[in-house]
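Enquirer: sequence first, predicted model second:
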Amino acid sequence: MALVLNEEQRLLRDTAREFLTKNAPVAELRRLRDNCDEIGYSPSLWQEMVALGWAGIPVQEAFGGLDFGYLGLGVVLEETGRTLTPSPLFATLVLGASAIQLGGNESQKERLLPAIVAGELTLALALEEHNHHNPTGFSTSLRKENGQYLLNGSKCFVLDGHSADQCLVVARNDSGCTQSADAVCLVLVPRETDGVQCDRTLMADSRNAANLTFQNVVIEDGWIIGEGSEGQTLLEAVLDRGRVALCAEMLGLAREAFERTVDYLKERTQFGVKIGSFQALQHRAAIMLTELELCQSVVLQALTAVDEDSDQLPAMASLAKAKMNELVQTVTNEAVQMHGGIGVTDELDIGLFLKRARVCMQVLGDSGYHKDRYARLCGY
Amino acid sequence: MEELEAFRRETRTWLEENCPDSERQPALPDDQYWGGRDAAFPSEGARVWFERMRDKHWIAPEWPSAYGGGGLSPEQAHVLKQELKRIRARPPLCSLGLWMLGPALLEFGSEEQKLEHLPSIVRGEIRWCQGYSEPGSGSDLASVQTRAEDRGDHFLVNGSKIWTTGADKADCIFCLVRTDPGAKKQEGISFLLIDMASDGVSATPIELISGESEFCQTFFDDVLVPKSNLVGEINKGWSIAKALLVHERKLIAEMGTESPRKQITPTAAAREYLPFSDGRIADAHLRAALVDYEMLLQAIALTHMRCYEEKSTGTQSAAPLIMKYVGTELEKAKSELLLAIMGSKGLGWEGEGFSQIELDTLRIWAFSKTLTIAGGTSEIQLNVLAKRVLGLPQS
Ligand SMILES: Cc1cc2nc3c(=O)[nH]c(=O)nc-3n(C[C@H](O)[C@H](O)[C@H](O)COP(=O)(O)OP(=O)(O)OC[C@H]3O[C@@H](n4cnc5c(N)ncnc54)[C@H](O)[C@@H]3O)c2cc1C
């Protein structure tokens, strides 16, 4: 049964909740934001997460991981959604480690995976080149010149791009050494490399990303992941893991914003009664509950699809992302509205949930993208 | 009719000659002139424009000339409004005195009060703010607790107001205060004018999710207020409060369709931020969302026009009562749509990597969440429709 957490997963969730509410409550995000923190997350907190084994959850045991799967990772991410905790979990572990696990050769895996698990290496996936998610429309290229690989192009909306040790750059392999003319590959580039320019961007969710430019960056042997015609398939597999994992975080975000709102409905008095006694609000809260329950099933099934390596994964990922995008939008809007005046103050945390939700909605595909993809995958 | 057309021609010529070019574009918050005791003009253009309009008596075109108004008929005032809109003229003065307190004083104030307050509002000399809401009284406004005790020759005011827009910059505040704690809640309220410079008044700004600090918590600690500052009869302030709310809601509704801010329209944003194919927005989902928005916008604009025509022909309908709700919900929808259209470009909070328009879009989006709360929430608007228009039984 994959739609119910098992004993171990429940335990992990409880530990994660306890750890995060104690060490990384929403106030911690506020602190990072107000101090204009340079990295945007707390490295010491990250090391504590590493010590708890979180950086090894989906990594195979052979490389030092726990091999605990995406359902396991999902419960942790859901909890980080509740506390809005910024950390390298998503960019490094979900996007980075899965690219290496799925596409790396043995020596790359041996070199990189244990370092990730040990918290010694952070990664960022540099994919987007436009303002909307587009996993095929990029022009960053890898060329061979005088026996040397050169990387050229620019990327935007690179999550953790400003802080990661290395970037996985999605590029077209134009070096002519492959059969397919537009073979896709992932190129591992240390951020501190000649020709790499990194401009951090400050976004609504205070987590920060970066725009990256690559100008004739010399790529060394062994830095290329997914050579050959499999590149696009590899990329999609990585992105689907990213989408599903992000959905788990978004579910936590939605649940937390929802629960805080329901608490407020029980607390706030107007017209001599609790505002939760107004049916106009009751029904909207009840409708949100139904959506949350539906989404929970979808997200659990999508996480399971990763663990079971199911061919349903692409469709499940799109189903989950489309539904979660809509859910977090509705829930955060309703949360603000139902709080009234205090809901639009910076003092209340609800606004932070609202802002994080809008960033999540754009990461790896908005609702329209995933509805269209779902329809395509279903053949209509 | 002919007279009105003559008035239109004169107005157009006068505006052509007198409205500086710099004042013919949307005003960012920093470009607005709000007046006040020690207010400075945001720019030379703003000063010239305000002073010319003031001298022409067109700051409050419809108010009687005895109080500094222009004495225009409703039809003339409407023509003036249209002509101002045609050249996209900025409001020469932004003012809660002009928009809210003035109309209430005209209806409920004594002759002395009108003569004292209306001309100073029109001249931009006094900036007012609105002290209605309290920490415990928002939607249930009639439960206000701020006390004004009758001390013979003055009132003694104690309590606090919250979400008071501009309280830290205002000279005076119009307040709902409780003067009879024993009476039924609507019946013990009075409408009182208080000078913010009085001893015991203080205001602490509160930051909004958009990063601005528009509103404040305002405290009254043993504040002495002259008896002459009571508007209308004692304990009869609730009807004034309600009449003023009608003006406020109308104002917010109108702001919905003519946002004073410089904001890209969703259609223009679509052209800039979305790929087209065959003349259509390639993303079917966003195209449908844009159509929904544009159609609603059109329907609301037409309803605004219908409201005006109904008013000038004395026809009654439910239309005016829906405007605050639909106008503010539309504004929110527009901001959400803009974010969807801009994608990751619409997520910038500050700094490099985003254009000013993109950064403004996000801030305006955050601010748009306030519109369905301020001036009576959407839920309260719908309750009013259900009760007053539909006559549905109340639980
Ligand atoms: C930007 C901004 C500027 C403002 N400026 C001013 C100002 O200058 N002066 C001033 O006095 N006030 C001002 N306000 C306050 C505003 O009028 C109140 O916030 C508003 O009336 C709601 O009250 P509240 O915040 O206490 O919310 P509450 O009344 O506590 O409402 C909380 C939620 O309960 C819902 N609710 C309440 N009663 C019912 C019901 N009977 N049926 C269904 N749902 C219900 C509300 O709709 C809301 O969703 C401002 C507010 C904002 C956001």
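Expert: Perfect, I can see it now.
Enquirer: need the helices for the stretch 1-150 of chain B, in chain order.
Expert: In the stretch 1-150 of chain B, the helices defined using DSSP state H, counting those that start in this stretch lie at B:2-18, B:44-55, B:74-86, B:96, B:102-108, B:111-122.
Enquirer: which helices and strands sit right next to the first one?
Expert: Which is helix B:2-18. Other helices and strands packing on helix B:2-18, by 3 or more C-beta pairs under 8 Å, 6 or more residues apart in numbering or on different chains; DSSP states H and E, are helix B:44-55, helix B:74-86. The C-beta positions use only the backbone N, C-alpha and C, and glycine is treated the same way.
Enquirer: and for residue A:61, nearest residue in space, chain neighbours not counted?
Expert: residue A:67 (4.8 Å; C-beta to C-beta, 6 or more residues apart in numbering or on different chains).
Enquirer: pretty sure the one you found contacts residue A:60?
Expert: Yes - look at residue A:67 against residue A:60 with C-beta atoms under 8 Å: they come within range, at 5.3 Å.
Enquirer: which residue sits closest to residue B:237, ignoring its sequence neighbours?
Expert: Take residue B:237 and drop its neighbours on the chain: the residue closest to it by C-beta to C-beta, 6+ apart is residue B:191, 3.6 Å away.
Enquirer: what is the burial count for the one you found?
Expert: 28 (other C-beta atoms under 10 Å in any protein chain shown).
Enquirer: wasn't it part of a strand?
Expert: Yes - under DSSP: H, G, I helix; E, B strand; the rest coil, residue B:191 falls within a strand.
Enquirer: and it, what does it touch?
Expert: Counting by C-beta atoms under 8 Å, 6 or more residues apart in numbering or on different chains, residue B:191 touches B:104, B:108, B:174-177, B:230-232, B:237, B:240-241.
Enquirer: what does residue A:139 give?
Expert: A:129, A:153, A:172.
Enquirer: among these, which lie within strands?
Expert: A:153, A:172 (DSSP state E).
Enquirer: and the contacts of residue A:139 as JSON lines, adding pLDDT, distance to residue A:4 and neighbour count?
Expert: As requested, the contacts of residue A:139 are exported to JSON lines (pLDDT from 0 to 100; distance: C-beta to C-beta, whole Å; neighbours: other C-beta atoms under 10 Å in any protein chain shown):
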{"residue": "A:129", "pLDDT": "97", "distance to residue A:4": "41", "neighbour count": "16"}
{"residue": "A:153", "pLDDT": "97", "distance to residue A:4": "45", "neighbour count": "20"}
{"residue": "A:172", "pLDDT": "91", "distance to residue A:4": "43", "neighbour count": "19"}
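Enquirer: so where's the stretch 251-395 of chain B uncertain?
Expert: Scanning the stretch 251-395 of chain B for pLDDT under 70 picks out B:255-262.
Enquirer: what are the boundaries of the helices in it?
Expert: Under DSSP H, counting those that start in this stretch, the stretch 251-395 of chain B gives helices at B:266-273, B:284-313, B:319-342, B:356-371, B:378-384.
Enquirer: repeat for chain A
Expert: For chain A, the helices defined by DSSP state H cover A:7-23, A:26-34, A:43-51, A:69-83, A:98-103, A:106-117, A:231-267, A:279-307, A:313-339, A:350-362, A:367-378.
Enquirer: quick one: residue A:61 and chain B, what's the gap?
Expert: The spacing between residue A:61 and chain B, counted by C-beta to the nearest C-beta, to the nearest Å, is 37 Å.
Enquirer: for that residue, grab the count of nearby residues.
Expert: Neighbours of residue A:61 (other C-beta under 10 Å): 10.
Enquirer: give me the pLDDT for the closest residue to residue B:76 other than its chain neighbours.
Expert: Of all residues not flanking residue B:76 in the chain, residue B:7 sits nearest, at 5.5 Å (C-beta to C-beta, 6+ apart). pLDDT, residue B:7: 97.
Enquirer: correct me if wrong: residue B:7 contacts residue B:78.
Expert: No - between residue B:7 and residue B:78 there is no contact under C-beta under 8 Å: 10.5 Å.
Enquirer: returning to what we had before: can you say which of the contacts of residue B:191 are buried?
Expert: Those of the contacts of residue B:191 that meet the buried threshold are B:104, B:108, B:174-177, B:230-232, B:237, B:240-241, by 16 or more other C-beta atoms under 10 Å in any protein chain shown.
Enquirer: ok, so of those, who is nearest residue B:355?
Expert: The shortest gap between residue B:355 and any of those belongs to residue B:174, at 40.2 Å (C-beta to C-beta).
Enquirer: which residues touch the helix or strand the closest one falls within?
Expert: Here residue B:174 is covered by strand B:172-178, with elements defined by DSSP states H and E. Applying C-beta under 8 Å, 6+ apart, the contact partners of strand B:172-178 are B:100-101, B:104, B:126-132, B:141, B:144-148, B:155, B:157, B:159, B:161, B:164, B:167, B:188-196, B:201, B:218, B:231, B:237-238, B:241, B:244.
Enquirer: in stretch B:36-54, which residues are buried?
Expert: B:36, B:42-43, B:45-46, B:48-50, B:52-54.
Enquirer: likewise for stretch B:164-174?
Expert: By neighbour count on 16+ other C-beta under 10 Å, the buried set for stretch B:164-174 is B:164, B:166-174.
Enquirer: again, but for stretch A:319-326
Expert: Neighbour counts over stretch A:319-326 (16+ other C-beta under 10 Å) mark A:319-325 as buried.
Enquirer: could you do stretch B:286-294 as well?
Expert: Here stretch B:286-294 shows B:286-287, B:289-290, B:293 as buried, counting by 16+ other C-beta under 10 Å.
Enquirer: ok, and which of those reach chain A?
Expert: Among these, the residues that sit close to chain A (C-beta under 8 Å from any C-beta of the partner chain) are residue B:286.
Enquirer: pick the one among the buried residues of stretch B:286-294 closest to the ligand.
Expert: Using C-beta to the nearest ligand atom, residue B:293 is the member of the buried residues of stretch B:286-294 that sits closest to the ligand, with 22.8 Å.
Enquirer: wait, what's in contact with whichever residue of chain B sits closest to chain A?
Expert: Taking C-beta to the nearest C-beta, chain A has its nearest neighbour within chain B at residue B:285, 2.8 Å off. Contacts for residue B:285 (C-beta under 8 Å, 6+ apart) come out as A:366-369, A:371-372.
Enquirer: turn those residues into a markdown table, including neighbour count and distance to chain B.
Expert: Below are the contacts of residue B:285 laid out as a markdown table (neighbours: other C-beta atoms under 10 Å in any protein chain shown; distance: C-beta to the nearest C-beta, whole Å):
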| residue | neighbour count | distance to chain B |
| --- | --- | --- |
| A:366 | 22 | 6 |
| A:367 | 20 | 7 |
| A:368 | 20 | 3 |
| A:369 | 23 | 8 |
| A:371 | 20 | 6 |
| A:372 | 16 | 7 |
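Enquirer: now tabulate these in TSV and tack on pLDDT and distance to residue B:263.
Expert: Formatted as TSV, those follow (pLDDT from 0 to 100; distance: C-beta to C-beta, whole Å):
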residue	pLDDT	distance to residue B:263
A:366	98	21
A:367	97	23
A:368	96	22
A:369	97	25
A:371	97	28
A:372	97	28
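Enquirer: can you put the residues you listed in TSV and add distance to residue A:306?
Expert: Shown next, in TSV, are the contacts of residue B:285 (distance: C-beta to C-beta, whole Å):
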residue	distance to residue A:306
A:366	21
A:367	21
A:368	24
A:369	19
A:371	21
A:372	22
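Enquirer: what's the closest of the buried residues of stretch B:286-294 to residue A:195?
Expert: Of all the buried residues of stretch B:286-294, residue B:286 has the smallest distance to residue A:195: 35.8 Å, by C-beta to C-beta.
Enquirer: what distance do you get for that closest one to residue A:171?
Expert: For residue B:286, the distance to residue A:171 (C-beta to C-beta, to the nearest Å) stands at 28 Å.
Enquirer: hmm, residue A:97 is touching residue A:113, no?
Expert: Yes - between residue A:97 and residue A:113 there is a contact at 6.5 Å, judged by C-beta under 8 Å.
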